[in-house]
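S.K.: make a model of this:
(one chain, ligands or ions: 2)
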Amino acid sequence: MTFTPVAPTMYVPPTKVAKDTFVIHQVQPALGQPLFVYINSMVILGKEPVIVDTGTPANRKQWLEDVFALVEPNDVRWIFLSHDDVDHTGNLDEAMTACPNAKLVCNWAMIERHTNCFDFPLERCQWVMHGDSFDVGDRILHAPRPPVFDSPTTRGLFDPTTGVYWAVDTFATPLPDPKMAISDLDADFWQFGMHLFALGAVSPWLTMLDPVKYGQYVDTTQNLDITTIAACHCPVIEGEYIERAFNMIRQFPTLEAPPLPDQSVLDQVIAATSTPAP
Ligand SMILES: [Fe+2]
Ligand SMILES: [Fe+2]
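M.R.: Ligands and ions are numbered 1, 2, ... in the order given. Below is the predicted model of the structure:
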């Protein structure tokens, strides 16, 4: 793999993906390749508005602007934390402080793993087990663990009133251009991108799994009545692309882990970005 300098990142405003449901975007250039990675979160504007994941510290100012342009902080009643990775928890403290009426949907393992960098207000927490649901006034949200994940604390989020499924790190893929929709992607590139991220950056243990047992778990997710997949690291997936996406992730236990950038690539990155001594 060789190093290619990349263009600076760009701003993508929030997009409406279903009734009352908006995805908040950050676009991060991939290191050493002319590719881009979404770091998304979501807002559900129901009777009791929900913030789904809290973006990153690098995008703090824009994330707070984007979210609170959609919902008044005092109106937010729930902050759903999918897991304890910094691209999902980056503005947790700021969101909890800005939204005094919000409860934090999390779980025991998340507190055990993340309490070293966030002081969880336990009286504001609601622990949701894998498969549990919680009532947000005008809808019941379901929180099953997605098939591909990189923290044992992970919960996805399914809203049966809109058919939107927040798949967290599942379906992650880089993009040659952040403006591209899934339908714009070359089919082989989409497969390559999902393979690279799932087995190289999210869940390398997928290659150790029994394909039948894992496939049965993928089925339980696919059998939700999903009309729209929104996730942290991919464009929205709808229509015929939902089945294609599930078919791709079902193959992971039968694939080899992809080759990843090594020290020679890091050497190229440093050489290309370092300032010559005067
Ligand atoms: Fe993650
Ligand atoms: Fe992530």
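
S.K.: just the CA trace of stretch 232-251, in PDB.
M.R.: What follows is stretch 232-251, C-alpha atoms only, in PDB (Å, rounded to 0.1, in the frame of the first residue of the first chain):
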ATOM      1  CA  CYS A 232     -21.600   6.000  12.200                       C
ATOM      2  CA  HIS A 233     -19.200   5.300   9.300                       C
ATOM      3  CA  CYS A 234     -21.300   5.000   6.100                       C
ATOM      4  CA  PRO A 235     -23.800   6.800   4.000                       C
ATOM      5  CA  VAL A 236     -27.500   6.000   4.600                       C
ATOM      6  CA  ILE A 237     -28.400   2.500   3.200                       C
ATOM      7  CA  GLU A 238     -32.000   2.100   1.900                       C
ATOM      8  CA  GLY A 239     -34.000   0.000  -0.500                       C
ATOM      9  CA  GLU A 240     -32.300  -2.800  -2.400                       C
ATOM     10  CA  TYR A 241     -29.000  -1.900  -0.800                       C
ATOM     11  CA  ILE A 242     -30.100  -3.100   2.600                       C
ATOM     12  CA  GLU A 243     -30.200  -6.700   1.500                       C
ATOM     13  CA  ARG A 244     -26.900  -6.300  -0.300                       C
ATOM     14  CA  ALA A 245     -25.300  -4.800   2.800                       C
ATOM     15  CA  PHE A 246     -26.500  -7.700   5.000                       C
ATOM     16  CA  ASN A 247     -25.300 -10.200   2.400                       C
ATOM     17  CA  MET A 248     -21.800  -8.600   2.500                       C
ATOM     18  CA  ILE A 249     -21.500  -8.700   6.300                       C
ATOM     19  CA  ARG A 250     -22.700 -12.300   6.400                       C
ATOM     20  CA  GLN A 251     -19.600 -13.300   4.400                       C
END
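
S.K.: and that stretch with ligand 1, contact?
M.R.: No - judged by C-beta under 5 Å from the ion, stretch 232-251 makes no contact with ligand 1; its nearest approach is 7.3 Å. Using the backbone N, CA and C atoms, a C-beta is placed for each residue, glycine as well.

S.K.: does ligand 2 sit close to that stretch?
M.R.: Yes - on the criterion C-beta under 5 Å from the ion, stretch 232-251 is in touch with ligand 2 at Cys232.

S.K.: likewise for stretch 78-94?
M.R.: Yes - using C-beta under 5 Å from the ion, stretch 78-94 comes into contact with ligand 2 via Asp87.

S.K.: that stretch - what's its average pLDDT?
M.R.: Regarding stretch 78-94, the rounded mean pLDDT is 98.

S.K.: from Ser82, how far off is the residue nearest the centre of the chain?
M.R.: Centroid-nearest residue in the chain: Cys232, 2.1 Å away (criterion: C-alpha atoms, centre = their mean). Counting by C-beta to C-beta, to the nearest Å, the separation of Cys232 from Ser82 is 8 Å.
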